[in-house]
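1. have a look at this prediction, sequence included:
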Amino acid sequence: MIYIIVTIAVVLTLVSIILYNRLIQKKNAIDNAYFSMDVMLKKRYDLIPQLVETVKGYMHHEKDVLLQLTELRQRVLTGNLNTNEKVELDNRINSNLQNIVASFENYPQLKASDNFLHLQRSINETEEQLAASRRFYNTAVNDYHNAIEMFPSSIIASWMRLKHKTFFSIAGEHRHTPSINFNK
């Protein structure tokens, strides 16, 4: 009888240790995915002032969007934010950038500028790399959410006080494919 109790205790302890380690691994995978993406976000944040300077002479009507974009960038770079807060701010930055890009077709003289074309290529390259990084990050967040919500690991996750993480997302108005005509 004592052997059965000891065996059950050992098995429960081993299962708890395995689940705990698995949850730590998933939590660390999110951090790893975010820090890998952080390099691309830094590059994007470095491109924002160049974008603002290049287009502000042309885009008088989008002045508020440009100011908001600059303010959001500054908050991310100077704030002591956790990963969820940075993700939320970056989602807002992404929305503002998409608004600006969508309005480029209204400024044919801007689209003809060599500086703007070079900057647009750099931004497009950065956005493609960010999209791949976001997919990796969101996959890690999804795996983590599954682990903290599924039984029996949800018990250990509750004990560890693990919370949900924020996904990178696209604003609702940007979910459809824009129609851009470069032949104007």
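-> Perfect, I can see it now.
2. surely residue 81 and residue 89 touch.
-> Yes. In this structure, residue 81 is within contact of residue 89 by C-beta atoms under 8 Å, at 7.1 Å. The way it works is simple: take the backbone N, C-alpha and C, and place the C-beta from them, glycine included.
3. higher neighbour count, the two?
-> residue 89 (17 against 14; other C-beta atoms under 10 Å).
4. excluding its backbone neighbours, what's nearest that one?
-> With C-beta to C-beta, 6 or more residues apart in numbering as the criterion, residue 89 has its nearest non-adjacent residue at 5.1 Å, and that residue is residue 76.
5. over to residue 122?
-> residue 47 (6.0 Å).
6. secondary structure class of that neighbour, three-state.
-> Per DSSP: H, G, I helix; E, B strand; the rest coil, the secondary structure class of residue 47 is helix.
7. picking that back up, which neighbours do residue 81 and residue 89 have in common?
-> residue 75 (C-beta atoms under 8 Å, 6 or more residues apart in numbering).
8. mind checking which helix or strand the residue nearest to residue 89 is in?
-> Using DSSP states H and E, the element containing residue 76 is helix 63-78.
9. just the CA coordinates of that helix, formatted as PDB?
-> Provided in PDB are the C-alpha atoms of helix 63-78 (Å, rounded to 0.1, in the frame of the first residue of the first chain):
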ATOM      1  CA  LYS A  63      -0.500  65.800 -41.000                       C
ATOM      2  CA  ASP A  64      -2.400  64.500 -38.000                       C
ATOM      3  CA  VAL A  65      -1.600  60.900 -39.000                       C
ATOM      4  CA  LEU A  66       2.100  61.700 -39.400                       C
ATOM      5  CA  LEU A  67       2.100  63.400 -36.000                       C
ATOM      6  CA  GLN A  68       0.400  60.500 -34.400                       C
ATOM      7  CA  LEU A  69       2.800  58.100 -36.000                       C
ATOM      8  CA  THR A  70       5.800  60.100 -34.600                       C
ATOM      9  CA  GLU A  71       4.200  60.200 -31.100                       C
ATOM     10  CA  LEU A  72       3.600  56.400 -31.100                       C
ATOM     11  CA  ARG A  73       7.100  55.700 -32.300                       C
ATOM     12  CA  GLN A  74       8.500  57.900 -29.500                       C
ATOM     13  CA  ARG A  75       6.400  56.100 -26.900                       C
ATOM     14  CA  VAL A  76       7.700  52.800 -28.000                       C
ATOM     15  CA  LEU A  77      11.300  53.900 -28.000                       C
ATOM     16  CA  THR A  78      11.300  55.800 -24.700                       C
END
